[in-house]
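Asks: coords please:
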Amino acid sequence: MGHGHGHTHGSNKKVLLISFIIITLYMVIEAIGGLLTNSLALLADAGHMLSDAISLGIALIAFKFGEKAANYSKTYGYKRFEILAAVLNGVTLIIIAIFIFYEAIERFQHPPEVASTGMLIIASIGLVVNIVVAWIMMRGGDVEENLNMRGAYLHVISDMLGSIGAIIAALLIMFLGWGWADPLASVIVAALVLRSGYHVTKSGLHVLMEGTPKNVDVEKVIQIILNTEGIHDVHDLHIWSITSGLNSLSCHAVVDDQLTIAESEQMLRQIEHDLEHQNIHHMTIQLETSAHLHDNSILCQIEGDAPGHHHHHH
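Replies: Modelled structure (predicted):
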């Protein structure tokens, strides 16, 4: 996106705030509407809206915290908070979905009376609200690059499906008297909620476990480093995400003994430049000569043993 990072950051935050307020307000209306009209589909959609509100709230707080600079006690700043919050969000969604499934089973056996006209009106307004929010996000936010924004946007899109489900169910009840359409719609929405909860939790945990980022090809990264002139070998390689869209790499590289400091600087710059294209945003490489390696080789072989073993070899 042509303009600098600062601009998108600010507009992302504004878009999120507006979206958050609209969705939170409508969620409350829809939940009350669900109780009044006795529609589980509306309640399910409100649950889905809640998940939206939570993810928008998280994205907002993450932007807020992300601005707090790194300090000595938290050298990554607060960027990890975003990931923790996402995992919590995911777990909440899973719980909501299970609750709706449980309720729906009850209702399939004894479909209750649903005030279908009220249900239709509320679901229709819900659809409009979602379309408006999605449009605001598309126009003002960075839904392609920023994982936070993208997550929030996808939530809103799947939320539309929830509203459409409730609208169809209301029509079926009104015209065909199919009482089971309401629990059916709620089950479909619950499945959507469950799915997004599962994905959010899984990708959040992957980051917390220091898993390799999805957008990094490890083989290729190693090849690039090894192909650099002057580098013989690479070991102790780690690649991880600090937060979404910020990947780090660290490794030890064995280099020519004759390399001058200037040459090795030049070499590291070259690697840094090459790895930018591989989605590595930050790298730390420790250079060693092969002589250094031979001293250490015995330690490397038995690192796997019980701690304290290798001292007997000297």
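Asks: what helix or strand does the nearest residue to I100 once chain neighbours are set aside sit in?
Replies: Nearest residue to I100 in three dimensions, chain neighbours excluded: A190, at 3.9 Å (CB to CB, 6 or more residues apart in numbering). C-beta: built from backbone N, CA, C; applies to glycine. Under the criterion of DSSP states H and E, A190 resides in helix 181-208.
Asks: try A152
Replies: Under DSSP H and E, the secondary-structure element containing A152 is helix 147-176.
Asks: buried ones in that helix?
Replies: Neighbour counts using 16 or more other CB atoms under 10 Å place 147-156, 158-173 of helix 147-176 among the buried residues.
Asks: coming back round to it: distance check, the residue nearest to I100 against T24.
Replies: Distance, A190 to T24, by CB to CB, to the nearest Å: 21 Å.
Asks: these two: which has the busier surroundings?
Replies: The neighbour count for A190 versus T24, taken as other CB atoms under 10 Å, is higher for A190 (27 against 16).
Asks: right, and the helix or strand after the helix or strand harbouring M49?
Replies: Element membership of M49, judged by DSSP H and E, is helix 40-67. Sequence order places helix 79-109 as the next helix or strand after helix 40-67, per DSSP H and E.
Asks: for that next one, buried residues please.
Replies: Neighbour-count burial for helix 79-109, with 16+ other CB under 10 Å as criterion, is recorded at 79-83, 85-87, 89-90, 92-94, 96-97, 100-101, 103-104, 107.
Asks: what average pLDDT does it get?
Replies: Helix 79-109 carries an average pLDDT of 83.
Asks: and that helix, how far out from the chain middle?
Replies: What separates the centre of helix 79-109 from the centre of its chain is 16 Å, taken as CA atoms, centre = their mean, to the nearest Å.
Asks: N12: neighbouring residues, count only.
Replies: By other CB under 10 Å, 23 other residues sit near N12.
Asks: pLDDT score for it?
Replies: Predicted confidence (pLDDT) at N12: the value is 74.
Asks: cool, and the one 5 residues further on?
Replies: For L17, the model assigns a pLDDT of 87.
Asks: again, but for I136
Replies: For I136, pLDDT reads 86.
Asks: wait, it touches I18, no?
Replies: Yes: counting by CB atoms under 8 Å, I136 touches I18, with 6.0 Å between them.
Asks: against which helices or strands is the helix or strand containing I136 packed?
Replies: Assigned by DSSP H and E, I136 belongs to helix 116-140. Applying 3 or more CB pairs under 8 Å, 6 or more residues apart in numbering; DSSP states H and E, one finds that helix 116-140 contacts helix 5-37, helix 40-67, helix 147-176.
Asks: report the buried residues of it.
Replies: 116, 118-120, 122-123, 126-127, 129-130, 133-134, 136-137, 140.
Asks: stretch 265-277 now?
Replies: M267, L268, I271, D274, L275.
Asks: flag the shaky bits of the stretch 101-250 of the chain, pLDDT-wise.
Replies: Where the stretch 101-250 of the chain drops to pLDDT under 70, the residues are 141-148, 151, 244-245.
Asks: how about a cut-off of 80?
Replies: Along the stretch 101-250 of the chain, the parts satisfying pLDDT under 80 run over 110-112, 140-155, 158-159, 196, 207, 210-212, 242-246.
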